[in-house]
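> Sequence plus predicted model, see below.
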Amino acid sequence: MIARPLARFDGGLRLPGHRAGKDAAPIRPCPLPPLLVVPLLQHAGAPALPCVEVGQTVQRGEPIGHAPSGLGAALHAPCSGRVRGIEARPVPHPSGLAQDCVLIEPDGHDTAAVLPPIADWIAAPASTLLDRLHAAGLVGLGGAAFPTDAKLAVPRHTLILNGAECEPWIGCDDALLRERAAEVIDGARLLARIVGATRCILAIEDDMPQALAALRAQPLPPGCELAVLPARYPQGGERQLIQALTGLEVPRGGLPRDLGVVVQNVATAAAAWRAVALGEALVERVVTVAGPGVRRPGNFRVRIGTPIAWLIEQAGGYTDSAARLLLGGPLMGLALPHDEFPVTKGSNCVLVLDAHTTRDSQPELPCIRCGECSRVCPARLLPQQLQAYARVLDVAQLDAHGLFDCIECGACDQVCPSHIPLVDWYRYAKAELRARGAADAEAKAAKRRFESRNARLEREAAEQAAQRAAKAAAPDAVQAAIERARKKRDSGFGIRDS
Ligand code: SF4
Ligand code: SF4
């Protein structure tokens, strides 16, 4: 069944496709590089705790980092080989700081260690399946890399599988659906079983005809339906997708679970099924290599930890016009200063733009109050007002204008005729406010510590005073005890002299 969208999300814009996967070329395997660099933190939460030593040999899929307590994910060796080091390396992160990574030298055999497959997963308890996703290091493959077991821990009535790649150039989910539609559908059954969902919607965009054909060739489980949405940016945003498919809006400051809905990427569903049914830990993913700056763009099956420079080489290397390297799409991607960063679990696209497709070269002009940015904002914000308040860090106005409701989709940037880097201002303001919030929290914690120390000192002083008073009364107590002993002896029940 093909469901029609019940509603359209607010704002948004139609962008030219540029999807690397549109030519329907098969996914290419990326060969193993001479060295894999596996960051301990490549997911939401705390870093994994390394559980291997330098010089140790490992097999593909063997744990190299345990999940920390609380939010986090386990890490596994992406190939068999030797641990060459555990050291700080540059990782793709907005902070730009180096982070600890496990370095693995492949041994050329690529022998695998798998977890015991759960063949009868359809009958297994949800807790067993969640434990398996945790053990396999599953995180969301749509980009946010949120640990999957944590996201699925609360029951929901509706599961949405997100196959809507809203940003231009990115085609990894399209390619996966074309080639592994059956795995995605099995993954949908599995995830629906875990959260107890009675309804599952598998959403793709109307410019993915081959993916749609592949999905339609598969039998859909009961309660599962396909939805084909008009390709409109940022359709793949969690809140926008929920609004388009259910007509419901996630409340301000709320989460999809407040509506009884959970959204998972299609690649996450396929990886979850492989972790459960085949016992495979998450050690590879499909990555789109795209843009006018690479010679042979396409979709690649890449081991986690593969250096981007190596991946670009497999795509034929850079063209002479390569000017800018991004991890992710052109609107929300992270600009990289060089290509020595590794592919992580959340890396969906490596994009190399040329001077014509790079907006940086255009000078910023004054705002002409055209209102275009407000028209396309999917969060119904006033972007031009927000950037004015962000420039002066007016906390009250930023809060009143919903700064933290901004999903940093960059739609406003895209349409601004004055080339104002609006999203850069929002990121700056959010970072400043978070830092101030952290400083406030630290000041409050210090005050609490000071007050609790004072209370403890007062309590100890009171206890000491009570002890002194008890000591002062002690002679009377001793005298009373002597008196009781004498009375006992006189009555004949006391201790007799031998
Ligand atoms: S689109 Fe740019 S110029 Fe137009 S109102 Fe928004 S910020 Fe100002
Ligand atoms: S980046 Fe923020 S303000 Fe700009 S369109 Fe997207 S949600 Fe709206």
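Looks like it arrived, so ask away. Ligands and ions are numbered 1, 2, ... in the order given.
> Mind splitting the protein into its structural domains?
The record's domain split for the chain, according to automatic domain parsing, is 2-290, 298-356, 362-498.
> Mind putting the ones you listed into a markdown table with mean pLDDT, distance to ligand 2 and mean neighbour count?
In this view, the C-beta of every residue, glycine as well, is placed from N, C-alpha and C. Rendered in a markdown table, the data for these read as follows (pLDDT from 0 to 100; distance: least, Cβ to the nearest ligand atom, whole Å; neighbours: other Cβ atoms under 10 Å):
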| stretch | mean pLDDT | distance to ligand 2 | mean neighbour count |
| --- | --- | --- | --- |
| domain 2-290 | 92 | 7 | 20 |
| domain 298-356 | 95 | 9 | 21 |
| domain 362-498 | 85 | 3 | 14 |
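> thinking F341 is in contact with L327, fair?
Yes. Using Cβ atoms under 8 Å, F341 and L327 qualify as a contacting pair, with a distance of 7.1 Å.
> Between these two, which contacts overlap?
Counting by Cβ atoms under 8 Å, 6 or more residues apart in numbering, the contacts common to F341 and L327 are P92, I308.
> From M332, how far out is the one residue in the stretch 151-300 of the chain that gets nearest to ligand 1?
For the stretch 151-300 of the chain, the residue closest to ligand 1 is Y233, as judged by Cβ to the nearest ligand atom, at 15.8 Å. Distance of Y233 to M332, given as Cβ to Cβ, to the nearest Å: 10 Å.
> Name all residues that make contact with S321.
Applying Cβ under 8 Å, 6+ apart, one finds that S321 lies in contact with P292, G293, D354, A355, H356.
> Quick check: bridge partners of the third one?
Partner residues in beta bridges with D354: A322, with DSSP bridges as the criterion.
> Pull the contacting residues for it.
Neighbours of D354 in contact, by Cβ under 8 Å, 6+ apart: G291, P292, G293, T319, S321, A322, A323, R324.
> Quick check: nearest residue in space to F300, chain neighbours excluded?
Closest residue to F300 in three dimensions, ignoring its sequence neighbours and counting by Cβ to Cβ, 6 or more residues apart in numbering: C30, at 4.4 Å.
> Please enumerate the strands of the stretch 1-150 of the chain.
For the stretch 1-150 of the chain, applying DSSP state E, counting those that start in this stretch gives strands covering 2-3, 28-29, 36-39, 49-50, 57-58, 63-66, 75-76, 81-90, 98-106.
> who wins for proximity to P155 among those?
In terms of Cβ to Cβ, the element of those nearest to P155 is strand 2-3, at 22.6 Å.
> how far is the helix or strand harbouring N454 from where the chain is centred?
The secondary structure element spanning N454 is helix 422-472 (assigned by DSSP states H and E). With Cα atoms, centre = their mean, to the nearest Å as the basis, helix 422-472 stands 32 Å off its chain's centre.
> again, but for stretch 407-425
Relative to the centre of its chain, stretch 407-425 is centred 23 Å away, using Cα atoms, centre = their mean.
> That stretch close to ligand 1?
Yes. Stretch 407-425 lies in contact with ligand 1 when judged by Cβ under 6 Å from any ligand atom; the contacting residues are V415, C416, P417, S418, I420.
> Just the ones of those residues in helices?
Among the residues of stretch 407-425 next to ligand 1, the residues falling in helices (DSSP state H) are V415.
> Now the residues of stretch 407-425 next to ligand 1 in TSV, please, with extra columns for distance to R456.
Written out in TSV, the entries for these read as follows (distance: Cβ to Cβ, whole Å):
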residue	distance to R456
V415	59
C416	57
P417	63
S418	59
I420	54
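> just to revisit the earlier point, mutual contacts of Y233 and M332, please.
By Cβ under 8 Å, 6+ apart, Y233 and M332 have these common neighbours: E167, C409.
> Can you show me the strands along the stretch 301-450 of the chain?
In chain order, the stretch 301-450 of the chain shows strands spanning 322-327, 334-336, 349-354, with DSSP E, counting those that start in this stretch as the criterion.
> Reformat the ones you listed as CSV; add distance to ligand 1.
Compiled in CSV, the strands of the stretch 301-450 of the chain are given as follows (distance: least, Cβ to the nearest ligand atom, whole Å):
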stretch, distance to ligand 1
strand 322-327, 22
strand 334-336, 21
strand 349-354, 22
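> and of these, who's closest to G260?
Within those, the stretch nearest G260 is strand 349-354; the backing value is 31.4 Å (Cβ to Cβ).
> got the CA coordinates for that closest one in PDB?
Presented in PDB, the C-alpha positions along strand 349-354 are these (Å, rounded to 0.1, in the frame of the first residue of the first chain):
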ATOM      1  CA  CYS A 349      28.500  11.500   2.600                       C
ATOM      2  CA  VAL A 350      31.900  12.800   1.600                       C
ATOM      3  CA  LEU A 351      31.200  15.800  -0.600                       C
ATOM      4  CA  VAL A 352      33.900  17.700  -2.600                       C
ATOM      5  CA  LEU A 353      32.700  21.000  -4.100                       C
ATOM      6  CA  ASP A 354      34.300  23.200  -6.600                       C
END
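> quick one: contacts for the closest residue to V376 other than its chain neighbours?
If you skip the residues right next to it in sequence, V376 has A411 as its closest partner in space, 4.4 Å away by Cβ to Cβ, 6+ apart. A411 sits next to G11, G12, L13, Y233, P234, L331, C373, V376, C377, P378 when contact means Cβ under 8 Å, 6+ apart.
> Identify the residues contacting D110.
Taking Cβ under 8 Å, 6+ apart as the criterion, D110 is in contact with L32, R60, C79, S80.
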